[in-house]
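> Got a sequence here, can you build the structure:
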Amino acid sequence: MANYDTHLSAWYNNYIPGRFPIIRKPHIIGYFSLNGEREYIPSAENLKYLKLPKDINNVNFDLNHGYENVIPKPASTSDEGLKHLLEFIIQNKQKLITRNDGPDKRYLEADFICYRGLLRLVMCSPFERRDDWCILATRYKGNIYLCQRETEMKKMQKLNETEQWKRIGSYGFKFEQYILADDPEHEPDISAPVNESEEFNCVLRTRLEGLDLLYGAEMDGIVSNEKCDLTSVDLNTLEHVEVKVRRKETTYRQGQNFLKFNLVKWWCQSFLVGIQRIYMGLRNDEGIVKEIQVLDVSSLPKMAKEYWSPAVCVDFLNEFLNMVKKTLRNTNCPYSVFEFYWNPANQKSITYRYHEGNNDLSFLPDWYIEGVSNKSTNSV
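Numbering: from 1, shown residues only. Now for the predicted structure:
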């Protein structure tokens, strides 16, 4: 295993406070849904609409309601990799293929292809104190695909998860059911079993300091008084919202931990998709939400300026991606994988291992490799 720490050590030592990397406003280029069996649907079937109660300061939402009927995400979800995003690419590849015929030609108009969750993970790294991460990278036809791999630490956390923690983990899905509706002209339906596998995803582009990023992101809902036909309505013109639920703090330390650890993740997650408002349900220990707060995403860095910086988050992401691009510049095999590992115990060091050829970590499926080699645009 090689240790790649020089580049990031220099970044830590030379970082200039206040500098914010140049990054374009994210632009939605498409969407898809996942049904209750985690199957790809090329439609907005699971698009949700924000439907708030009349008095958000006085509600009584029981997040335990129907918990016995919850359909949890299957454990195999962690093995999906980039599957659904790759399905979107195959079905829409004609509008994603690069028009550049230069020496550094890329098959798709992107330097990196991944999910938002991976980008958020990297962005939060300078301020993370507990969780490690592992990211797999493959370069093929000039594009670099990034895929998160579950670490041993994460596997152990899941194995040791108590029933109470599983219940708390499901609270967010139930809260969404209380304030998101299938149709803006109807009230949310809290009687249906929560199916944690269902999703509505957008696919977005942005450019970070000259690097083109293409990524998928699950989106909670939009603000609209009318049901939208996305064949004629541009998703970029609509207001997207993030929905969160958290325990209302009862001590000063709990409040500081929220500012220090939660808000940085919420800001990064929302920033990457251009979300301006977060609707947060405050629950008690019994899982009852009594009020809903509206957080302006632009105000989050000010609320937590003592603990983290958005400029550091974005700059760290830029440095990491440039490091990956430099490391993979001479590879072009859809099966070879670079495995990058980071542990908060040593923040200035990222280690990597190279796995050549077809191996256990290869994550680009054969149907995708064949799909980007064919000129047809048939569905997978």
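> where are the low-confidence patches of the chain?
In the predicted model of the chain, residues 1-18, 100-104, 347-348, 375-380 satisfy pLDDT under 70.
> Secondary structure class of Arg246, three-state.
strand (DSSP: H, G, I helix; E, B strand; the rest coil).
> At which residues are the helices of this structure located?
Here the chain has its helices, by DSSP state H, at 6-14, 83-91, 116-123, 152-159, 163-179, 252-257, 263-271, 300-303, 310-327, 366-373.
> Tell me how far the fourth one lies from the chain's centre.
Centroid displacement of helix 152-159 relative to its chain, using Cα atoms, centre = their mean, to the nearest Å, is 20 Å.
> Tell me the helices and strands packed up against that helix.
Under the contact definition 3 or more Cβ pairs under 8 Å, 6 or more residues apart in numbering; DSSP states H and E, helix 152-159 sits against no other helix or strand. Heads up, the C-betas are built off the backbone N, CA and C, glycines and all.
> cool, and the fifth one?
With contacts taken as 3+ Cβ pairs under 8 Å, 6+ apart, helix 163-179 sits against strand 61-62, strand 239-247, strand 277-283, strand 288-296.
> got the contact list for that helix?
Helix 163-179 is touched from outside by 48, 50-53, 61, 63-67, 70, 72, 161, 188-190, 192, 194, 196, 220-221, 243-245, 279, 281, 283, 287, 289, 292, with contacts defined as Cβ atoms under 8 Å, 6 or more residues apart in numbering.
> Are any of those buried, and if so which?
48, 50-51, 61, 63, 65-67, 188, 194, 196, 220-221, 243-245, 279, 281, 283, 287, 289, 292 (16 or more other Cβ atoms under 10 Å).
> how much space between Val273 and Arg205?
11 Å (Cβ to Cβ, to the nearest Å).
> what does Phe173 give?
28 Å.
> So which residues of the stretch 101-250 of the chain form strands?
Along the stretch 101-250 of the chain, the stretches classed as strands by DSSP state E, counting those that start in this stretch are 112-115, 133-140, 143-149, 180-181, 199-208, 211-218, 221-223, 239-247.
> And the contacts of the third one?
Residues from elsewhere that reach strand 143-149, judged by Cβ under 8 Å, 6+ apart: 81-82, 106-108, 110-115, 117-118, 121, 133-139, 324-325, 328, 339, 361, 363-364.
> What residues of that strand count as buried?
143-149.
> can the residues you listed go into CSV with extra columns for distance to Asp296?
What follows is those, written out as CSV (distance: Cβ to Cβ, whole Å):
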residue, distance to Asp296
Asn143, 36
Ile144, 34
Tyr145, 34
Leu146, 30
Cys147, 33
Gln148, 29
Arg149, 35
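> Which of those residues sits closest to Leu263?
Nearest to Leu263 among the buried residues of strand 143-149 is Gln148, at 22.0 Å by Cβ to Cβ.
> Look up which residues are beta-bridged to the closest one.
Legend: beta-bridge partners of Gln148 under DSSP bridges are Ile135.
> Quick check, central residue of this structure?
Among the residues of the chain, Gly117 comes closest to the average C-alpha position under Cα atoms, centre = their mean, at 2.5 Å.
> give the contact list for Thr162.
Counting by Cβ under 8 Å, 6+ apart, Thr162 has no contacts.
> Distance to Glu356 for the helices and strands packed on helix 163-179 - can I get that in TSV?
TSV is the format used below for the helices and strands packed on helix 163-179 (distance: least, Cβ to Cβ, whole Å):
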stretch	distance to Glu356
strand 61-62	53
strand 239-247	40
strand 277-283	43
strand 288-296	46
